[in-house]
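**Student:** Just need the structure, nothing else, for what follows:
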Amino acid sequence: MLNLVAKELFLTRGIGVHEDKLTSFEYALRDAGIAGTNIVLISSIFPPKAKLIPKKEGLKKIKPGQILFTIYSRNQTNEPHRMISASVGLALPKDRTRYGYLSEYDAFGQNEKQAGDYAEDIAAQMLASSLGIPFDIDKSWDEKRQQWSISGKIYKSQNITMTAKGDKSGKWTTVFSAACLIL
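**Tutor:** Have a look, this model is predicted:
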């Protein structure tokens, strides 16, 4: 039986603009550095003991044509000046023998901080529930972070987010953010 558990992950993001919707997405993948791969969207588990590596290091480990397992978010518009965002949040447990979570989030009208914080919040909420940490969605961002710190079970959370305003002439604009797994 084949056991595919990633040892490393890297985060990347990109933006693409083109008259054609699909080509706009291709350009966003090129900007992210992963257009030459066969991207497979997977669910949102950060494998136990996996290491988050820099994008530059991760890009060196992929080959053209390879299957690249990713957790990604994308958003597209052809409405001039419409704000779009795509974000992937992650939350890692202090005990690295346990798995963490990644979340995908896209929105209209949110800036990078708003979309990124929300994606991070979703990932942390999933991790908190798996660890038995109470999670009050109505608490402020800072109150939640303090609650995670006090629990001593959540080590780190972060996000990667790409935002853009729709092309002024109505071309398709695509934003893309991803966590890419290296087996």
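**Student:** The residue lying closest to Ala28 once chain neighbours are set aside: neighbour count?
**Tutor:** Take Ala28 and drop its neighbours on the chain: the residue closest to it by C-beta to C-beta, 6 or more residues apart in numbering is Gly16, 3.6 Å away. C-beta: built from backbone N, CA, C; applies to glycine. Per other C-beta atoms under 10 Å, the neighbour tally for Gly16 reads 26.
**Student:** the helices in this structure, which residues?
**Tutor:** 21-32, 55-60, 112-131, 141-151 (DSSP state H).
**Student:** neighbouring contacts of the shortest one?
**Tutor:** If I follow you right, that is helix 55-60. 8-12, 33-34, 180, 182 (C-beta atoms under 8 Å, 6 or more residues apart in numbering).
**Student:** how about it as PDB, C-alpha atoms only?
**Tutor:** These are the backbone C-alpha positions of helix 55-60, laid out as PDB (Å, rounded to 0.1, in the frame of the first residue of the first chain):
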ATOM      1  CA  LYS A  55       9.000  29.000  -1.000                       C
ATOM      2  CA  LYS A  56      12.400  29.300  -2.800                       C
ATOM      3  CA  GLU A  57      13.500  26.000  -1.300                       C
ATOM      4  CA  GLY A  58      10.100  24.300  -2.100                       C
ATOM      5  CA  LEU A  59      10.200  25.400  -5.700                       C
ATOM      6  CA  LYS A  60      13.600  23.800  -6.100                       C
END
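**Student:** same question for it, mean pLDDT?
**Tutor:** Regarding helix 55-60, the rounded mean pLDDT is 97.
**Student:** Off-centre distance for it?
**Tutor:** Helix 55-60 has its C-alpha centroid displaced from the chain centroid by 16 Å (C-alpha atoms, centre = their mean, to the nearest Å).
**Student:** Buried residues of that helix, list them for me.
**Tutor:** 55, 58 (16 or more other C-beta atoms under 10 Å).
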